[in-house]
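[1] I'd like to go over a predicted model; first the sequence, then the structure.
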Amino acid sequence: MQNVCSPVDLIEHEGYELRRESAEATRLAYVAATRARDLLVVPSIGDEWQRLPEFWIGQLGQGMFPPVEIRQKSTAPKGCPDFGADSVKRRPPGVSATARTVRPGLFLFDQPSSMGTAQKPYGVVWWDPDKLELGVRPRCALRQEELLAEVDNDAAKQNLAAFGSWEQQKKVAIESASSPTLRVQTVTQEVARGSDNKTSGEVSIVELRREPVRPKGKRYGSLVHAVLANVPLDASNAQIEQIAGLQARILQASPDETTSAISVVEGALKHDLLARASKCYRSGCCRRETPVTLFENNVLLEGVVDLAFEESGTWTVVDFKTAEELEMQLEKYRRQ
């Protein structure tokens, strides 16, 4: 009768599961037997055990159990204590040892010949369970009790003082490590923080001719900046249109924004300021989209210069802004 509580899949595939478990038991027994170098200890029962083949040690049964007719004819193994007559410590009431029970002691087993050469017999010792010291507490636990039982007030005070000193040093180290020795900020963040840094040098605003109606918004500003960052300073109109089209697809800009950005960049490249920058670029004295840093008062400022070029030992730095950006935060951009 099948167990109605078992899963349906297990009931329907019972044969397959049993074969799979048997194969796994074979693999487990192989691993256990082949890893032993000098001695292999196998837990088993000295009585006739009908269910032995169901367990992983069942694979080792033929190599462990002597033939029935000699199971009571063991010999005394060397280096072992004097064994009794039973290899089972406890049995159910009314059950006793029989002639099929393995008697504690040594049994020799013949090995199959290999390549026509006889192999030396190997021995299996069935142990007397009464000779086992069962229920022994682990030595590590006993050692712990010994350590805890040892009381030396002076040593304890010294240890507590050392621990207190270490704990204080740890606290100081954590507090020290929690205080940054260097604060990193972008130039935009520093300006937004309202620093009192004064501008050094002349800051001029160069405005290009504006269209009567021009798109607005962050996406449009990003598009203009992206085209100015990637276009050659001596680019033709066709090159500007190609780069603007690519950047527009990246930013998902509208056709109106793209057309306006092309017009703005064309006008910018025709301006005398960018013509000078183009000339310096050809002589290797121009930088575009260049990261810069400034260390001041334990603060590391980071930024990116849109365009900078050198003429006669003097650097001119150009920061591109759309009209809307300038109208909203002109003074902040001066400081930046």
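    Right, received. Where do you want to start?
[2] domain parsing of the protein, as residue ranges.
    Domain segmentation of the chain under automatic domain parsing yields 8-131, 186-335.
[3] out of those, which one sits most buried?
    domain 186-335 (a mean of 15; mean count of other CB atoms under 10 Å). All C-beta atoms are positioned from the backbone trio N, CA, C, and that covers glycine.
[4] sorry, back to before: can you put the domains of the chain in TSV and add mean pLDDT and distance to N153?
    Shown next, in TSV, are those (pLDDT from 0 to 100; distance: least, CB to CB, whole Å):
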stretch	mean pLDDT	distance to N153
domain 8-131	85	46
domain 186-335	82	49
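[5] turn those domains into CSV, columns for distance to Q168.
    Shown next, in CSV, are those (distance: least, CB to CB, whole Å):
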stretch, distance to Q168
domain 8-131, 51
domain 186-335, 27
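[6] from what I can see V124 touches G61, true?
    No: the criterion here is CB atoms under 8 Å, and V124 misses it with G61 at 11.2 Å.
[7] the helices in this structure, which residues?
    Using DSSP state H, the helices of the chain run over residues 8-12, 14-35, 61-64, 139-149, 153-178, 187-192, 218-230, 237-251, 255-270, 272-282, 323-335.
[8] for the chain, longest strand please?
    In the chain, taking DSSP state E as the definition, the longest strand is strand 299-311.
[9] touching, R100 and D47? I think so.
    Yes: using CB under 8 Å, R100 and D47 qualify as a contacting pair, with a distance of 7.3 Å.
[10] what sits opposite the nearest residue to A277 once chain neighbours are set aside in the beta ladder?
    The spatially closest residue to A277, leaving aside those adjacent along the chain, is F309, at 4.4 Å (CB to CB, 6 or more residues apart in numbering). When assigned by DSSP bridges, F309 has beta-bridge partners C286, T316.
[11] contacts only, for F309.
    By CB atoms under 8 Å, 6 or more residues apart in numbering, F309 lies in contact with R276, A277, C280, Y281, C285, C286, R287, W315, T316, V318.
[12] now those as a markdown table including distance to D82?
    Converted to a markdown table, the contacts of F309 look like this (distance: CB to CB, whole Å):
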| residue | distance to D82 |
| --- | --- |
| R276 | 109 |
| A277 | 104 |
| C280 | 104 |
| Y281 | 101 |
| C285 | 102 |
| C286 | 100 |
| R287 | 95 |
| W315 | 101 |
| T316 | 105 |
| V318 | 102 |
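[13] tell me the one of those nearest R20?
    Checking the contacts of F309 against R20 with CB to CB, the nearest one is R287 at 70.1 Å.
[14] between the contacts of F309, which is closest to P104?
    R287 (91.6 Å).
[15] stretch 308-319: end-to-end distance?
    9 Å (CA to CA, to the nearest Å).
[16] surely K120 and F109 touch.
    No: the pair formed by K120 and F109 falls short of the contact definition of CB under 8 Å, at 10.6 Å.
[17] about what we covered before: any idea which of the domains of the chain gets closest to I174?
    In terms of CB to CB, the element of the domains of the chain nearest to I174 is domain 186-335, at 20.4 Å.
[18] with distance to F295 as extra columns, can I get the helices of the chain in TSV?
    Below are the helices of the chain laid out as TSV (distance: least, CB to CB, whole Å):
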stretch	distance to F295
helix 8-12	69
helix 14-35	62
helix 61-64	78
helix 139-149	55
helix 153-178	21
helix 187-192	12
helix 218-230	26
helix 237-251	34
helix 255-270	33
helix 272-282	27
helix 323-335	18
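[19] of all the domains of the chain, which one is nearest R137?
    Nearest to R137 among the domains of the chain is domain 8-131 (18.9 Å), distances taken as CB to CB.
[20] which one of the contacts of F309 is nearest R210?
    For the contacts of F309, the minimum distance to R210 (CB to CB) is 18.2 Å, reached by V318.
[21] phi, psi for Q50 please.
    Torsion angles at Q50 (phi, psi; degrees, to the nearest 10) stand at phi -70, psi -30.
[22] list residues touching both of V124 and G61?
    With CB under 8 Å, 6+ apart as the test, V124 and G61 reach no residue in common.
[23] tell me the spacing between the residue nearest to A277 and L273.
    9 Å (CB to CB, to the nearest Å).
[24] who touches both of these two?
    Common neighbours of F309 and L273 (CB under 8 Å, 6+ apart) are T316, V318.
[25] for the residue nearest to G303 when sequence neighbours are not counted, list the residues it contacts.
    Excluding the flanking residues, the one nearest G303 by CB to CB, 6+ apart is V187, at 3.7 Å. By CB under 8 Å, 6+ apart, V187 lies in contact with L301, E302, G303, Q336.
[26] check contacts around the first one.
    Translated: L301. Taking CB under 8 Å, 6+ apart, one finds Q185, T186, V187, E190, T293, L294, F295 in contact with L301.
[27] tell me what the second one is bridged to.
    The residues listed as beta-bridge partners of T186 by DSSP bridges are E302.
[28] my guess is G245 meets T258, correct?
    Yes: under the criterion of CB under 8 Å, G245 makes contact with T258 at 6.7 Å.
[29] related to what we said a few turns ago, and the longest strand of the chain, how far out from the chain's middle?
    Computed by CA atoms, centre = their mean, to the nearest Å, the chain-centroid distance of strand 299-311 equals 38 Å.
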